[in-house]
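Colleague: Whatever this is, show me its structure:
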Amino acid sequence: MLKQSLELQSIKNIVALLPYQYHQELTSVLMNHFVQEIRLRPNQSIEVVLAGESFFLRNTLFNEADATFVLNQLSQHSIYAFEEELRHGFLTLRGGHRVGIAGEAVVEKGVVKTIKHIRTFNIRISRALEKVSVPYLQGLYEGRWKTSIIAGPPQSGKTTILRDLAKIMSNGYERLNIPPQKVAIVDERSEIAASFEGTPQHDVGKRTDVLDRCPKAEGMMMLIRSMSPNVIIVDEVGSEADIRAIEEAASAGVAVLCSAHAKSMNDLEARGIISSDTFEGILLLNDKKEGHFVHKKRGKL
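Modeller: Have a look, this model is predicted:
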């Protein structure tokens with residue numbers, strides 16, 4: 001019953017972002033479909049995205065007044081956070097749901113300062129799926145957690161697996177004799193723990209500490225100094241600074257599990273992500289959310 005009530009409350013929170021005339025149909029859709037995204041575009045019908053397909057709500061035409069309503073609803077969560085998050089292009093809501101925004105970027109000295117004339121929104125429905133990382137545990141853990149990359153194209157399940165791994169690492173997994181560990185998450189884009197006002201909205205384990213909205217390279221060093229983790233989890237690495245920080249963490253005895261955008265080993269190699277000998281395992285996912293382990297020199301393990 002608790003899980004059901006939370007789901008119903010989550011639906012109410014999402015529906016409340018839109019004007020009243022959309023509530024009935026949108027509520028029905030959310031209760032009867034596994035919705036991934038709700039896309040709002042100016043002078044277009046509202047699109048509902050499911051796994052591998054989408055459809056449009058009947059008799060809807062999202063207009064400028066509707067966009068203003070959505071913005072007013074979003075800003076009620078926190079005026080300060082709203083202003084700060086605009087320049088990142090998204091906002092995180094209670095429950096871990098994320099609203100991507102698009103409009104006119106205000107750029108100063110090559111840096112996006114904020115976004116104005118916001119008319120486009122992408123409401124991404126957040127769900128924590130349990131045990132999705134279990135099929136890969138024996139490749140990631142061999143008496144200890146191995147510093148590893150989870151790679152794949154967009155929406156292949158990278159972040160979902162990292163989130164589930166955080167919980168398993170933190171709580172332990174008796175079936176495979178994996179003991180609990182101190183886990184730290186550098187959640188630069190609030191996608192793993194989906195923190196809202198400092199509190200993770202997803203269950204990432206009882207021994208997990210989250211540093212939200214902090215650049216990955218700097219955050220890893222901060223957490224090593226302040227929280228003494230056994231394992232660090234970060235999402236979407238790619239810069240040289242990220243790789244150097246992972247190398248430093250590994251040299252300090254801290255395992256790092258991270259994700260990276262890549263469709264193949266060639267992509268990882270071209271970006272220089274796996275040039276470091278620090279990485280011990282690579283889990284490559286495809287667009288069907290299926291994964292296999294590979295070795296950067298010898299092919300599939």
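Colleague: distance of C258 from I125?
Modeller: Counting by Cβ to Cβ, to the nearest Å, the gap from C258 to I125 is 24 Å. (Glycine included, C-beta is placed from N, CA and C.)
Colleague: The two: which is more packed in?
Modeller: C258 (26 against 18; other Cβ atoms under 10 Å).
Colleague: Secondary structure element holding the more buried one?
Modeller: Per DSSP states H and E: C258 is located in strand 255-261.
Colleague: can you check D242 too?
Modeller: With secondary structure defined by DSSP H and E, D242 is part of helix 240-251.
Colleague: Neighbours of the closest residue in space to R124 that isn't next to it in sequence, how many?
Modeller: Nearest residue to R124 in three dimensions, chain neighbours excluded: R98, at 4.6 Å (Cβ to Cβ, 6 or more residues apart in numbering). Around R98 sit 19 other residues, with neighbours defined as other Cβ under 10 Å.
Colleague: again, but for S228
Modeller: By the measure other Cβ under 10 Å, the count of residues near S228 is 12.
Colleague: cool, and F55?
Modeller: Other residues near F55 come to 13 when the count uses other Cβ under 10 Å.
Colleague: Any buried residues in the helix holding D242, and which?
Modeller: Using 16 or more other Cβ atoms under 10 Å as the test for burial, helix 240-251 gives D242, I243, A245, I246, E247, E248, A249, A250.
Colleague: Now that we have those, can you turn them into JSON lines and tack on pLDDT and distance to L162?
Modeller: Written out in JSON lines, the entries for the buried residues of helix 240-251 read as follows (pLDDT from 0 to 100; distance: Cβ to Cβ, whole Å):
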{"residue": "D242", "pLDDT": "94", "distance to L162": "15"}
{"residue": "I243", "pLDDT": "92", "distance to L162": "17"}
{"residue": "A245", "pLDDT": "95", "distance to L162": "17"}
{"residue": "I246", "pLDDT": "95", "distance to L162": "14"}
{"residue": "E247", "pLDDT": "93", "distance to L162": "19"}
{"residue": "E248", "pLDDT": "95", "distance to L162": "20"}
{"residue": "A249", "pLDDT": "95", "distance to L162": "16"}
{"residue": "A250", "pLDDT": "93", "distance to L162": "17"}
